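> model this:
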Amino acid sequence: MQTGRIEVIAGPMFSGKTSEMFRRVRRAEIAKKKFRIFKIDFDNRFDEGAKVLSHDGAEENAVVVKKAEEILDLVEGVDVVGVDEGQFFGPEIVQICEELADRGLRVIVAGLDATSERKPFGPMPQLMAVAESVCKIKAVCMVCGQDATHTYCKTHKEDDVLVGEKDEYEARCRSCCSK
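Sure thing, here's the model as predicted:
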């Protein structure tokens, strides 16, 4: 029997979190494992339909859900579950991921661990705490070219969730976040 586990891929925007999730599910597919990727319904930056796209143009089919609980009923026959943009799911995603791992599934969650104000983002810190592995990746600072560990918001926003792209956000290092 397969041992379940939770893997979290975290970092700032433009760091390759979704691409890393794709790499992991493709390796699982080579190992003859069945996978399914989920995304939240309001994240339609790249595609209105049932696809997850990375910033580098890669794409995978996905199941669009309105809330995390729906995932539990949509994993029959699946070995590996991918969750893109984990920060957009409510706190219940933590319990859902734990239940899936307890069932023996490998759960891979990609998402922002911090807001552009450098505060914990949604359920990601809790997911990182219960995960068997956490991969924190970096982007390239768009100001100085060093390693970027933060997401910088270039526009005014009212709350933590402003679904956006390069017009609204860029990756920056700690020093350049204050510029």
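> all strands in this structure, in order from the N-terminus.
Along the chain, the stretches classed as strands by DSSP state E are 5-10, 35-40, 51-53, 59-61, 63-65, 80-83, 106-111, 133-136, 139-140, 147-148, 150-153, 169-172.
> and those as a markdown table, adding distance to Ser19, mean neighbour count and mean pLDDT?
For glycine as for every other residue, the C-beta is placed from the backbone atoms N, C-alpha and C. As requested, the strands of the chain are exported to a markdown table (distance: least, Cβ to Cβ, whole Å; neighbours: other Cβ atoms under 10 Å; pLDDT from 0 to 100):
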| stretch | distance to Ser19 | mean neighbour count | mean pLDDT |
| --- | --- | --- | --- |
| strand 5-10 | 9 | 23 | 98 |
| strand 35-40 | 13 | 22 | 94 |
| strand 51-53 | 10 | 19 | 69 |
| strand 59-61 | 10 | 14 | 74 |
| strand 63-65 | 19 | 17 | 92 |
| strand 80-83 | 12 | 27 | 97 |
| strand 106-111 | 9 | 27 | 98 |
| strand 133-136 | 12 | 14 | 98 |
| strand 139-140 | 12 | 19 | 96 |
| strand 147-148 | 16 | 20 | 97 |
| strand 150-153 | 16 | 22 | 94 |
| strand 169-172 | 14 | 22 | 94 |
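> of the ones you listed, which is nearest Glu117?
Glu117 sits nearest to strand 150-153 of all those, at 8.2 Å, using Cβ to Cβ.
> what's the closest one in contact with?
Outside strand 150-153, the residues within contact range by Cβ atoms under 8 Å, 6 or more residues apart in numbering are 12-13, 112, 114-116, 118, 142, 162, 168-174, 176-177.
> buried among the residues you listed? Need that as a selection in PyMOL.
What follows is the PyMOL syntax selecting those of the contacts of strand 150-153 that are buried according to 16 or more other Cβ atoms under 10 Å:
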select buried, resi 12+13+112+114+115+116+142+168+169+170+171+172+173+176+177
